[in-house]
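1. curious how this folds, go ahead:
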Amino acid sequence: MPYLKLSDACLAYGHVPLLDHADFQLDPGERVALIGRNGTGKSSLLAAMAAGTGKGRLDDGEVWVQPGIRVGYVPQEPPFDPGMSVFQAVVSGMGETSALLAEYHAVSHRLGEGGADHDSLLARMDELQHELEARGAWAYEAQAEKVIARFGLDPEAQVGSLSGGQKKRLALAQALAVAPEVLLLDEPTNHLDIAAIEWLETLLIESGVTLFFITHDRSFLDRVCTRIVELDRGKLASFPGSFTQYQQRKEAMLHEEALANARADKLLKEEEVWIRKGVEARRTRAVFRVQRLDKLRAERQARRERMGKVQLQLDAGDKSGKLVAELLNVCKSYGGRPVVRDFSTRIQRGDKIGLIGPNGAGKTTLLRLILGELQPDSGSVRQGTKMEIAYFDQFRTQLNPDSTLADVISPGSDYVEIAGAKKHVIGYLEDFLFAPERARSPVSSLSGGERNRLLLARLFAKPANVLVLDEPTNDLDIETLELLEQLLQDYEGTLFLVSHDRTFLDNVVTQTIAAEGAGDWKEYAGGYSDWAGYQASVAAATKAAADKVKAESKPAAKPAEPAKPKGDKLSWKEQRELEALPDKIAGLEAEQATLTGKLEDPAIYQTDPKGAQQAAERLAAIDDELMALLERWEALEARAGNGS
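-> Residues are numbered from 1 along each chain as shown. Take a look at the predicted model:
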């Protein structure tokens, strides 16, 4: 039996149908990805599925949810009260029980702080305990605390103080706290760094939860999904398998559709010529041709063409000097924390550089140092000459929500100049898939993907020989991403790219600057996969070295000692030592397993290389300690047996 089912669904905004009698079914155990162009209605469809209220969010049709199943939903921009604590936000999705749990958690916290109202707090806690027990809510609290710990969040932190990535983690924690059978996710990778995205991939796969999600992250799609569903011109088409398999089948389908449309258009043209002959068309034996013509006209009128492609064009302007920037032993700290430490590099014209690292590692700080916008605490930075810099801001602060689209592109003028040629601003906006009637609409009316397209249009309207893109891929559909990749591959200027999209990095950059932890940065040739492969090889080499140390630390076999004469009993102290040995050995073995698991995770060599080295050294020491304890245990056991 399916978990969720969409039947004959219809939904329209204005005259454009987003869902045109669409059908869909989600079965247990599936991980289904919903893809499609920006503005096709993916988020609206996911919200309708989450509501599960029949026609509540549809113009027509029905959403059916299997009775009794729990559904978790994470929208693209989760709404949270900034005054809530993390714990309150997580349990807020648990219905009526959430308020009681939140109050119980707050009272417990206040009791721990002490104060004059200790007795009244104890009395209130007793009341809350009885009510929560009656509702069977302790399992909910345990689940909430578990997911908060799993996502690395502080339960007492205020939601308003969280970063974008932390809020995304909070939304995922809130959805998982109800232990859902079905999880609906809208762009779950936005605002997460690469390490967090890879961790989320593993979590979703290993949890076994049934998924229906929207994402434009192609690496995430290939690893997580078991089926692709595409929303195209109001219809849903299903493609079993990975994203790569979908691309192959979709290309063939579009080719067949284009051929069929061309044949229909040719036949329609021929019949239109025939009908204009007049007398011959009115003969009785030709009535069927008139009827066929009417049918062809109706089919052509009803046909919805695919949305056009964005027409991207980038003017690199005049060449900059051969040297773009040179950094020598640069250091920068904030509040005593090193963000960049003793970093040197030389960047030349035409380099395409990707910056990767966890959120908060200092990617933006390093960029500003390279571009001369920030002065280092020590070391030197030298900029090149004739640099014209264009900056894409991931937070879209360059866009005034009250400005019209035309004013954003060309304030005070109806024309823009691209590669030396003038173009009307409305025609230029059409290249970025904005209809002419929207040219005077305010920026505030745009979706996230449309704002990104507008920012790209603004960016590309002026020549630039140094391009800085900070998370340009958020909210862009896959087709536009691929076009942007091609444009950047052909770009003759210098590119700095900050992105968590692994496929995008691989397809665009020629070298990578990666955060190594504690303010250390290192350069690598190639893109993300090259860097990840290097990290994996380092991890494998470290593990091999640890295994070698472990093997070499084992002492040579000793000759058997002669049996002790009977009557050689253990002293009281030795007896206590013998009784304590099993616990000591078990403790060391547990520590050994923990450290081994830690060293098998490649991420530690990126985030904490010194910690990885210390863990490897401790692992070798544990082997020696275990061997010594086992030998001592064997000796004491032998004496105890002989003395009995």
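2. show me what contacts Glu589?
-> For Glu589, the contacting residues are Leu626, taking C-beta atoms under 8 Å, 6 or more residues apart in numbering as the criterion. Heads up, the C-betas are built off the backbone N, CA and C, glycines and all.
3. let's number from 43 now, not from 1
-> With 43 as the first residue, the last one maps to Glu631.
4. what's the helix or strand for the closest residue to Phe285 other than its chain neighbours?
-> Among residues not flanking Phe285 along the chain, Leu263 sits closest, at 4.0 Å (C-beta to C-beta, 6 or more residues apart in numbering). Using DSSP states H and E, the element containing Leu263 is helix 260-266.
5. what's that helix packed up against?
-> Contact here means 3 or more C-beta pairs under 8 Å, 6 or more residues apart in numbering; DSSP states H and E; on that basis helix 260-266 packs against strand 73-77, helix 236-249, helix 285-317, helix 544-550.
6. what's the closest of these to Val381?
-> Closest of the helices and strands packed on helix 260-266 to Val381 is helix 236-249, at 17.9 Å (criterion: C-beta to C-beta).
7. state the mean pLDDT of the helix or strand following that closest one.
-> Later in the chain than helix 236-249, the nearest helix or strand by DSSP H and E is strand 252-256. Along strand 252-256, the predicted local confidence has a mean pLDDT of 95.
8. CA atoms only for strand 252-256, dumped as CSV, please.
-> Taking C-alpha atoms only, strand 252-256 is exported to CSV below (Å, rounded to 0.1, in the frame of the first residue of the first chain):
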residue,chain,number,x,y,z
THR,A,252,10.9,7.0,2.8
LEU,A,253,11.9,10.3,1.0
PHE,A,254,10.3,12.7,-1.4
PHE,A,255,12.6,15.6,-1.9
ILE,A,256,13.6,18.6,-4.2
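9. what does the helix holding Leu263 contact?
-> Counting contacts by C-beta under 8 Å, 6+ apart, the residues outside helix 260-266 that touch it are 73, 75, 77, 231, 239, 243, 246-247, 253, 255, 257, 270, 284-286, 520, 523, 543-545.
10. in the stretch 143-292 of the chain, which spans are helices?
-> Assigned by DSSP state H, counting those that start in this stretch, the stretch 143-292 of the chain shows helices spanning 160-177, 180-192, 206-218, 236-249, 260-266, 285-317.
11. generate CSV for those helices, with mean pLDDT and distance to Ser49 as supplementary columns.
-> Compiled in CSV, the helices of the stretch 143-292 of the chain are given as follows (pLDDT from 0 to 100; distance: least, C-beta to C-beta, whole Å):
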stretch, mean pLDDT, distance to Ser49
helix 160-177, 79, 35
helix 180-192, 77, 33
helix 206-218, 84, 25
helix 236-249, 88, 27
helix 260-266, 91, 26
helix 285-317, 73, 24
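12. of the helices and strands packed on helix 260-266, which is nearest Ala367?
-> With C-beta to C-beta as the criterion, Ala367 lies closest to helix 544-550 of the helices and strands packed on helix 260-266, at 19.3 Å.
13. if we can go back for a sec, looking at the helices of the stretch 143-292 of the chain, which is buried most?
-> Among those, the stretch with the highest mean neighbour count (mean count of other C-beta atoms under 10 Å) is helix 206-218, at a mean of 22.
14. show me the contact partners of it.
-> By C-beta under 8 Å, 6+ apart, the list of residues contacting helix 206-218 from outside reads 114-117, 120, 122, 128, 131-132, 134-135, 189-190, 192-195, 201, 204, 225, 227, 230, 232-235, 238, 242, 401.
15. what about burial for those residues, which qualify?
-> Of the members of these, the ones counted as buried by neighbours, 16 or more other C-beta atoms under 10 Å, are 114-116, 120, 122, 128, 131-132, 134-135, 189-190, 193, 195, 201, 204, 225, 227, 230, 232-235, 238, 242, 401.
16. next SSE after the helix or strand hosting Leu471?
-> Secondary-structure assignment from DSSP H and E places Leu471 in helix 467-473. For helix 467-473, the following helix or strand on the C-terminal side (DSSP H and E) is helix 490-502.
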